[in-house]
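Student: Got a sequence here, can you build the structure:
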Amino acid sequence: MKNLKMIRILFLKDLFLSRWILFAYLIGGLASCAIGAIPNPTMGFISLILIVTVAVGAGMYLLGDLLIGEGSENTRSFIMSLPVSLRDYSLAKISVVLTVFMIPWVMMLAFSIFMIVVLPGEKLGAIPLTIVIFLELLAAFTVQLVAAAITESLGWTISVMVGCNVFFNVFLMTLMSRPEVSESAKSEVLSWPTLLAQVAGFELLTVVVAIAVALIFQSRKRDLV
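Tutor: Sure, this is the predicted structure:
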């Protein structure tokens, strides 16, 4: 029970310190999604760019400030002097990073699906593609989380982020070039093309594996000071 209590204290500490930036990203994310409600292809493209920007910005703040920055500021020296183990610290740190990222992520995804369902002219077939796009953003963030946990270097983490952003653009263009995907996105009927289902499954696997790897590397470090 002591470990659970210390994990909860560390988790809530970081969650409290991140409350304003979390609120800002949440509002920015919802506003970005709302722009997509304007019946214009250009505005839809701008909405997607802003959503990606919010996700990338939230990710870099969390990894840079909560995971990497705490070490450079020697905050860990004080925390590790408390009755808390390395595993407890790692679990609390990665849990709060994922939680703060996923709050705006979930809200943006839910709002995007809601708009597809309620707005006139929107196609229900676009829901699977929307989910796959958001899952790719989540998978990219967890890969960056692994980079931050292993290297503890903001430079290397940014490099991985840039690589993930380039991959996202190639991924989206390749996906939309597939006839089954583009046709499904224009359909009035909600259905999951085989390709999208396979991609979503791979993205979820990437998320799970990346989180596990980040936890393993973070908790096995000999020194967090």
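
Student: residue boundaries of the helices in the protein?
Tutor: Taking DSSP state H as the criterion, the chain contains helices spanning 2-17, 19-35, 41-61, 69-72, 75-79, 86-118, 126-151, 154-176, 179-185, 194-219.

Student: Give the buried residues for the third one.
Tutor: Burial within helix 41-61, assessed by neighbour count using 16 or more other CB atoms under 10 Å, is assigned to 47-48, 50-52, 54-56, 58-61. Quick note: C-beta positions are derived from backbone N, CA and C, even for glycine.

Student: where in the chain is pLDDT low?
Tutor: Within the chain, the ranges that satisfy pLDDT under 70 run 1-2, 69-85, 219-225.

Student: Return the most buried member of the helices of the chain.
Tutor: Comparing these by mean neighbour count (mean count of other CB atoms under 10 Å), helix 126-151 ranks first with a mean of 22.

Student: Surely F101 and G59 touch.
Tutor: Yes - using CB atoms under 8 Å, F101 is in contact with G59, at 6.1 Å.

Student: Overlap of the contact sets of these two?
Tutor: Common contacts of F101 and G59 (CB atoms under 8 Å, 6 or more residues apart in numbering): F141.

Student: tell me how far stretch 39-52 is from the chain's mean position?
Tutor: Here the centre of stretch 39-52 is set off from its chain's centre by 19 Å, with CA atoms, centre = their mean, to the nearest Å.

Student: Report the backbone C-alpha coordinates of it in PDB.
Tutor: Provided in PDB are the C-alpha atoms of stretch 39-52 (Å, rounded to 0.1, in the frame of the first residue of the first chain):
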ATOM      1  CA  PRO A  39     -17.900  22.800 -45.000                       C
ATOM      2  CA  ASN A  40     -14.700  23.500 -47.000                       C
ATOM      3  CA  PRO A  41     -11.900  21.100 -48.000                       C
ATOM      4  CA  THR A  42      -9.300  23.600 -47.200                       C
ATOM      5  CA  MET A  43     -10.600  24.200 -43.700                       C
ATOM      6  CA  GLY A  44     -10.700  20.400 -43.200                       C
ATOM      7  CA  PHE A  45      -7.000  20.200 -44.200                       C
ATOM      8  CA  ILE A  46      -6.200  23.100 -41.800                       C
ATOM      9  CA  SER A  47      -8.000  21.400 -39.100                       C
ATOM     10  CA  LEU A  48      -5.900  18.200 -39.500                       C
ATOM     11  CA  ILE A  49      -2.700  20.200 -39.500                       C
ATOM     12  CA  LEU A  50      -3.700  22.000 -36.300                       C
ATOM     13  CA  ILE A  51      -4.700  18.700 -34.600                       C
ATOM     14  CA  VAL A  52      -1.300  17.200 -35.500                       C
END
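
Student: For it, which outside residues touch it?
Tutor: If you take CB under 8 Å, 6+ apart as the criterion, stretch 39-52 is touched by 28-29, 31-36, 38, 108, 112, 121, 133, 137, 165, 168.

Student: ok, now how distant is I94 from G155?
Tutor: Going from I94 to G155 by CB to CB, to the nearest Å gives 21 Å.

Student: sorry, back to before: what's the most distant pair in the contacts of stretch 39-52?
Tutor: The span of the contacts of stretch 39-52, defined through CB to CB, is set by G121 and N165 at 30.0 Å.

Student: I appreciate the help and will end here.
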